[in-house]
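S.K.: return atomic coordinates for the entry below.
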Amino acid sequence: MSDDQSPKRARTFAEEVGAKAARKLVAQRHPSQVWFGLGTMGLIGWSVAIPTLLGAALGLWLDARFSGHSWTLALLVAGLVLGCLNAWHWVAAQDKAMREPPEDRDE
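M.R.: Numbers count the residues shown, from 1 in each chain. Okay, here's the model as predicted:
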């Protein structure tokens, strides 16, 4: 490792530690974020479960009306994929919002 890379790496590490410390201070000022985290887990679970169950219900209805294909399995998988994409999009947006520096505002 050359000496040119060491200061750059140290600065990057120092900036990362500083950002984590700032996030921790914000979290300590807002203890309700623990409940927000638990609610987020529930929201993610429901955002996957609801489309999956709706797809299965629609598939059962289609299977009762029409024959030839297994609509239940196909729509169950489609609902699962849709729910996972929805959850992934929401988590990515929340992660981006968390990593942005906090706004300076008086509370």
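S.K.: wait, Pro51 sits on Gly79?
M.R.: Yes - Pro51 sits in contact with Gly79 when judged by C-beta atoms under 8 Å, with a separation of 4.1 Å. Where C-beta positions appear, they are placed from N, C-alpha and C, glycine not excepted.
S.K.: what ranges do the helices span in this protein?
M.R.: 5-29, 33-65, 71-99 (DSSP state H).
S.K.: export these as CSV, with columns for mean neighbour count and mean pLDDT.
M.R.: Formatted as CSV, the helices of the chain follow (neighbours: other C-beta atoms under 10 Å; pLDDT from 0 to 100):
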stretch, mean neighbour count, mean pLDDT
helix 5-29, 10, 74
helix 33-65, 14, 84
helix 71-99, 15, 90
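S.K.: what's the closest non-adjacent residue to the spatially most central residue of the chain?
M.R.: Most central in the chain under C-alpha atoms, centre = their mean is Val91, positioned 1.7 Å from the mean C-alpha point. In this structure, Val91 finds its nearest non-sequential neighbour in Ile44, 6.7 Å apart by C-beta to C-beta, 6 or more residues apart in numbering.
S.K.: surely that neighbour meets Trp90?
M.R.: Yes - applying C-beta under 8 Å, one finds Ile44 in contact with Trp90, separated by 7.0 Å.
S.K.: one step back: identify the residues contacting the residue nearest to Val91.
M.R.: Counting by C-beta atoms under 8 Å, 6 or more residues apart in numbering, Ile44 touches Ala87, Trp90, Val91.
S.K.: domain assignment for the protein?
M.R.: With domains defined by automatic domain parsing, the chain comprises 1-30, 35-99.
S.K.: quick one: Ser70 from Gly59, how far?
M.R.: 8 Å (C-beta to C-beta, to the nearest Å).
S.K.: was I right about Met98 contacting Arg23?
M.R.: Yes - at 7.2 Å, Met98 and Arg23 qualify as touching, with contact defined as C-beta under 8 Å.
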